[in-house]
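>>> what's the 3D shape of this:
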Amino acid sequence: MGHMIRSTMLLGLLTGLFLFIGYALAGQSGMVIALIIAGIMNFLSYWFSDRIVLAMYRAREISYEEAPWLHQMVEELARKANIPKPGIYLVPMEQPNAFATGRGPGHAAVAVTRGIMEILDEEELKGVLAHELGHIINRDVLISTIAATIAGAISMIVHWLQWALIFGFGRDEEDSGPGALIGSILLIIITPIIATLIQLAISRSREYLADETGAKLCGCPLALARALEKIHNYVMQVPPSQVNEGTAHLFIDNPLKGGLMELLSTHPPMEKRVARLVEMARKMGQVA
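Predicted structure coming up:
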């Protein structure tokens with residue numbers, strides 16, 4: 001419940017930032033147009049995201065005959081979660097990772113990379129799949145889409161402000177002073193950064209929630225913790241192949257390590273995720 005409240009508060013903060021910049025620019029019509037355009041873009045992304053992402057990573061559906069044990073594992077987890085069994089896909093990528101996509105429990109898919117199938121045992125893989133089902137149960141695609149819509153609208157308004165400064169600032173003389181000009185420049189620089197940081201905070205909060213949901217679903221927080229540690233260590237060693245930065249937040253561990261992507265990570269620190277899972281196991285009486 002705490003993560004849901006935090007996500008709601010962060011979405012509210014992001015919305016407040018959007019309204020603030022709209023008010024600061026006093027361009028209500030422009031604000032509405034930007035929101036409509038961003039909404040249409042994210043609406044299409046929301047409805048077709050599963051097909052787009054699966055095609056992007058050349059994922060193919062795993063048939064029941066090919067891996068009956070894997071289908072039975074996902075079916076068991078889906079039954080416990082009281083949701084329809086999602087499609088299961090294999091991504092031809094050596095880096096061990098996994099992700100869930102789709103707009104909701106009735107239209108979802110889980111994907112595992114070839115690498116993750118090789119390094120995890122069945123109990124650890126079950127924990128990973130439970131985590132991905134956690135994203136589906138918690139409707140994280142919807143949450144991230146709302147955040148992306150608002151952040152996208154903010155970016156559009158800032159972009160319009162840049163052009164306004166180039167072709168002539170202000171609607172009247174009162175708006176054309178140096179103070180107003182400096183304020184607009186600060187809006188251009190600072191607002192997108194704040195919006196991005198809030199978006200990242202929402203993503204990290206959803207990862208914690210998926211860990212918690214997945215651990216309860218599989219009944220073994222330590223299995224998920226072991227899987228996360230293994231994945232994290234291998235991700236650090238195996239470079240990603242054709243990973244799109246815009247989809248990095250989907251994976252169970254950030255597939256892009258180092259540099260700016262590490263600083264602006266969509267995922268919480270692995271040590272904290274593991275520590276939370278160990279604490280869950282302790283409360284469940286699985287560790288002393």
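
>>> going forward, measure contacts between C-alpha atoms and count neighbours the same way
Fine.

>>> As PDB, could you dump the C-alpha coordinates of stretch 101-113?
Included here for stretch 101-113 are C-alpha records, laid out as PDB according to Å, rounded to 0.1, in the frame of the first residue of the first chain:
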ATOM      1  CA  THR A 101       4.500  -6.000 -21.300                       C
ATOM      2  CA  GLY A 102       0.800  -5.400 -22.100                       C
ATOM      3  CA  ARG A 103      -1.900  -3.100 -21.000                       C
ATOM      4  CA  GLY A 104      -3.400  -5.300 -18.300                       C
ATOM      5  CA  PRO A 105      -4.000  -8.800 -16.800                       C
ATOM      6  CA  GLY A 106      -6.100  -9.800 -19.800                       C
ATOM      7  CA  HIS A 107      -3.700  -8.600 -22.400                       C
ATOM      8  CA  ALA A 108      -0.200  -9.300 -21.200                       C
ATOM      9  CA  ALA A 109       3.000 -11.200 -22.000                       C
ATOM     10  CA  VAL A 110       6.200 -12.100 -20.100                       C
ATOM     11  CA  ALA A 111       9.500 -12.400 -21.900                       C
ATOM     12  CA  VAL A 112      12.700 -14.100 -20.800                       C
ATOM     13  CA  THR A 113      16.100 -13.900 -22.500                       C
END
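
>>> Could you find the closest non-adjacent residue to Ala81?
Of all residues beyond its chain neighbours, the one nearest Ala81 is Leu217 (7.0 Å), with distances taken as C-alpha to C-alpha, 6 or more residues apart in numbering.

>>> Contact partners for that neighbour?
77, 80-81, 130 (C-alpha atoms under 8 Å, 6 or more residues apart in numbering).

>>> Could you check how far it is from Leu228?
Distance of Leu217 to Leu228, given as C-alpha to C-alpha, to the nearest Å: 16 Å.

>>> repeat for Leu277
Between Leu277 and Leu228 the distance, using C-alpha to C-alpha, works out to 10 Å.

>>> ok, and what's touching stretch 247-257?
For stretch 247-257, with C-alpha under 8 Å, 6+ apart as the criterion, the contacting residues are 53, 95, 97-101, 128, 131-132, 203, 207, 228, 231-232, 235-236, 239-240, 243, 245, 262, 265-267.

>>> ok, of these, which come out buried?
By neighbour count, with 16 or more other C-alpha atoms under 10 Å, these hold 53, 95, 97-101, 128, 131-132, 203, 207, 228, 231-232, 235, 240, 265-267 as buried.
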